[in-house]
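# show me how the following folds:
(one chain, ligands or ions: 1)
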Amino acid sequence: MSLEHFLQKAISSWMNEEGPDSDIVLSSRIRLARNFKDFSFSTLFSQEEAMQIINVIKDCLNDTDIPEVGRLEFLQMESLQPLDKLVLVEKHLISPNLAEDSPYGACLLSANEEVSIMVNEEDHLRIQCLYSGLQLNEALQRANALDDFIEGQIDYAFDEERGYLTSCPTNVGTGLRASVMMHLPGLVLTNQINHLIPAINQLGLVVRGIYGEGSEAIGNIFQISNQITLGKSETDIVEDLTSVVQQIIAQERSAREALVHTSDIQLEDRVYRSFGILQHARVIETKEAARCLSDVRLGIDLGYIKNISKGILNELMILTQPGFLQKYAGGPLRPHERDIRRAAFIRERFDLEKKDNSEGGNSL
Ligand SMILES: Nc1ncnc2c1ncn2[C@@H]1O[C@H](COP(=O)(O)OP(=O)(O)OP(=O)(O)O)[C@@H](O)[C@H]1O
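Numbering: from 1, shown residues only. Below is the predicted model of the structure:
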């Protein structure tokens with residue numbers, strides 16, 4: 001494995017749409033925040049301590065076959081080009097914070113990209129496990145296995161009463177954030193989302209955009225996660241979130257049914273207009289591309305559009321982000337140049353899909 005392995009393809013195995021309810025829940029994520037005992041937190045540590053942390057975790061995990069995880073590839077942020085880091089952010093493998101503001105940061109990634117450990121971000125370790133669809137329990141199991149493996153060799157900062165100690169008090173206790181990425185066009189188009197978000201917040205959950213804290217919910221994709229990490233067990237946090245997510249799935253399904261029932265032709269028209277834009281536009285911005293991809297995804301889910309795989313939408317969602325576009329172009333592009341490249345890229349990708357389908361005897 002090398003850095004190129006992670007930069008070459010846009011989609012990771014957890015984006016394969018094979019998990020339960022993956023028409024609405026795109027992915028499930030568990031992340032655990034952990035810190036080493038006897039070291040200052042990342043906000044205060046010296047360069048020397050930061051390097052020691054990197055060496056300790058490298059010795060523990062690099063070139064090791066970890067149960068339920070396999071081998072991890074070690075990447076140090078300072079040796080990566082800015083564009084490479086941006087691509088890893090766009091693939092959700094590292095956070096924008098690690099890429100931009102963590103001078104002594106590093107990460108360890110599994111070949112299938114379902115496991116990523118960020119080192120020296122807000123906490124010494126951020127262990128992340130990703131799964132397709134609604135599989136928070138499975139993600140928790142894997143994260144726990146990895147956590148136990150590390151804890152068998154390294155002493156964590158832990159307090160009998162308070163649990164795991166973290167750099168930000170909001171993570172103290174379990175250090176767990178469980179989250180799902182949901183595609184909710186039905187709730188957006190029926191304006192129900194504006195009532196739903198405050199209700200979700202009241203349940204102690206947070207709604208964020210596609211790239212986490214501070215990011216926008218483009219393409220009708222919302223990230224929902226737990227706010228509270230203290231006073232509840234890991235299993236309870238995951239069960240509570242799963243049950244709220246199941247209710248949101250049911251509401252999204254009935255919103256879609258209501259839309260089909262009340263405005264079938266308008267909805268079909270919207271879907272096909274967006275499909276047309278994606279196949280023919282010459283200039284397209286990220287937000288418009290994301291909106292059209294969302295409409296086409298809905299069109300596939302509702303059966304308006306056939307013979308097109310949703311995999312291509314996930315792929316395009318990532319491929320059309322600024323980092324990937326520039327990586328493929330071989331260097332920096334101005335915003336307008338990116339919009340032209342993005343449009344060309346999407347057209348080419350749909351042409352390829354059409355060609356594949358016609359060779360297979362289908363037509364779009
Ligand atoms: N369910 C998910 N599927 C895919 N990626 C996710 C999911 N949840 C979060 N992410 C990604 O993880 C990264 C970090 O997200 P976010 O900032 O919300 O959480 P965090 O860093 O774990 O929490 P904190 O706010 O406590 O630092 C973002 O890049 C986001 O895209």
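# so residue 60, which of the three states?
Here residue 60 is recorded as helix under DSSP: H, G, I helix; E, B strand; the rest coil.
# so what's it closest to, chain neighbours aside?
residue 153 (4.9 Å; Cβ to Cβ, 6 or more residues apart in numbering). C-beta here means a position set from N, CA and C on the backbone, and glycine is covered the same way.
# how close does that neighbour get to the ligand?
Taking Cβ to the nearest ligand atom, to the nearest Å as the measure, residue 153 falls 23 Å from the ligand.
# that residue touches residue 61, doesn't it?
No - taking Cβ atoms under 8 Å as the definition, residue 153 is not a contact partner of residue 61, at 9.1 Å.
# so for those two, which sits in the more crowded spot?
residue 61 (21 against 12; other Cβ atoms under 10 Å).
# that one is in contact with residue 72, isn't it?
Yes - using Cβ under 8 Å, residue 61 is in contact with residue 72, at 5.4 Å.
# can you list residues touching both of those two?
108, 117 (Cβ atoms under 8 Å, 6 or more residues apart in numbering).
# per-residue pLDDT, residue 355?
As predicted, residue 355 sits at a pLDDT of 73.
# buried residues, the helix or strand harbouring it. List them.
Assessed by DSSP states H and E, residue 355 sits inside helix 335-359. Within helix 335-359, the residues scored as buried using 16 or more other Cβ atoms under 10 Å are 338-343, 345-347, 349-350, 353-354, 357.
# the top strand by length along the chain pairs with which strands, and in what direction?
Longest strand of the chain, by residue count under DSSP state E: strand 25-34. Partners of strand 25-34 in the sheet, by DSSP bridges, are strand 125-132 (antiparallel), strand 176-183 (antiparallel).
# other residues contacting the first one?
Surrounding strand 125-132, the residues in contact under the criterion Cβ under 8 Å, 6+ apart are 12-19, 22, 26-36, 57, 92, 95, 113-119, 138-140, 142-143, 146-147, 150.
# gap between stretch 96-113 and the chain center?
From the chain centre to the centre of stretch 96-113 is a distance of 14 Å (Cα atoms, centre = their mean, to the nearest Å).
# wait, I meant stretch 285-305
Using Cα atoms, centre = their mean, the offset of stretch 285-305 from its chain centre is 18 Å.
# buried ones in that stretch?
285-286, 288-302, 304-305.
# would you mind putting the CA coordinates of that stretch into CSV?
Provided in CSV are the C-alpha atoms of stretch 285-305 (Å, rounded to 0.1, in the frame of the first residue of the first chain):
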residue,chain,number,x,y,z
GLU,A,285,-20.6,24.7,-9.5
THR,A,286,-20.2,22.2,-6.6
LYS,A,287,-23.6,23.1,-5.1
GLU,A,288,-25.5,22.8,-8.3
ALA,A,289,-23.8,19.5,-9.1
ALA,A,290,-24.7,18.2,-5.6
ARG,A,291,-28.3,19.3,-5.9
CYS,A,292,-28.6,17.6,-9.3
LEU,A,293,-26.9,14.4,-8.1
SER,A,294,-29.4,14.4,-5.2
ASP,A,295,-32.4,14.7,-7.6
VAL,A,296,-31.1,11.9,-9.8
ARG,A,297,-30.5,9.7,-6.7
LEU,A,298,-34.1,10.3,-5.7
GLY,A,299,-35.2,9.6,-9.3
ILE,A,300,-33.4,6.2,-9.1
ASP,A,301,-34.9,5.4,-5.7
LEU,A,302,-38.4,6.2,-7.0
GLY,A,303,-38.0,4.2,-10.2
TYR,A,304,-38.1,7.2,-12.6
ILE,A,305,-34.6,6.5,-13.8
